[in-house]
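Student: Sequence and predicted structure below; questions after.
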Amino acid sequence: MLKGPSSLINQIQPATLSKELESVKSKQIIAAFASQTQHL
């Protein structure tokens, strides 16, 4: 990681973290749906 101004990092991190969380949530939903369909 490049060390830059903490304010810049604080501005960038929330956006990237939220995007990562959204992708993780979607993956979890897809995995749960797949596991449910496999049990049928």
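Tutor: Right, received. Where do you want to start?
Student: Please state the mean pLDDT value computed over the helix or strand harbouring residue 22.
Tutor: Using DSSP states H and E, residue 22 maps to helix 6-39. Averaged across helix 6-39, the pLDDT comes to 81.
Student: Okay, residue 21 and residue 27: tell me how far apart.
Tutor: Residue 21 sits at a distance of 11 Å from residue 27 (criterion: Cβ to Cβ, to the nearest Å). For every residue, glycine as well, the C-beta is placed using N, CA and C.
Student: go on, residue 18?
Tutor: In terms of Cβ to Cβ, residue 18 sits 15 Å off from residue 27.
Student: just residue 16 next, same as before
Tutor: Distance of residue 16 to residue 27, given as Cβ to Cβ: 16 Å.
Student: Ok, residue 14 next?
Tutor: Taking Cβ to Cβ, one finds residue 14 at 20 Å from residue 27.
Student: Now tell me what touches stretch 26-40 from outside.
Tutor: Around stretch 26-40, nothing counts as a contact under Cβ atoms under 8 Å, 6 or more residues apart in numbering.
Student: For it, buried residues please.
Tutor: Buried residues in stretch 26-40, counted by 16 or more other Cβ atoms under 10 Å: none are found.
Student: any idea how far stretch 25-40 is from the chain center?
Tutor: How far stretch 25-40 lies from its chain's middle: 17 Å, per Cα atoms, centre = their mean, to the nearest Å.
Student: actually stretch 16-26, not the one I typed
Tutor: Remark: stretch 16-26 is offset 2 Å from the chain centroid, using Cα atoms, centre = their mean.
Student: Output that stretch as PDB, restricted to C-alpha atoms.
Tutor: Extracted C-alpha coordinates of stretch 16-26, given in PDB (Å, rounded to 0.1, in the frame of the first residue of the first chain):
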ATOM      1  CA  THR A  16     -14.200   0.600  -2.000                       C
ATOM      2  CA  LEU A  17     -15.300  -1.100   1.200                       C
ATOM      3  CA  SER A  18     -19.000  -0.500   0.400                       C
ATOM      4  CA  LYS A  19     -18.500  -1.900  -3.100                       C
ATOM      5  CA  GLU A  20     -16.700  -5.000  -1.700                       C
ATOM      6  CA  LEU A  21     -19.400  -5.500   0.900                       C
ATOM      7  CA  GLU A  22     -22.100  -5.300  -1.800                       C
ATOM      8  CA  SER A  23     -20.300  -7.900  -4.000                       C
ATOM      9  CA  VAL A  24     -19.800 -10.200  -1.000                       C
ATOM     10  CA  LYS A  25     -23.500  -9.900  -0.100                       C
ATOM     11  CA  SER A  26     -24.600 -10.700  -3.600                       C
END
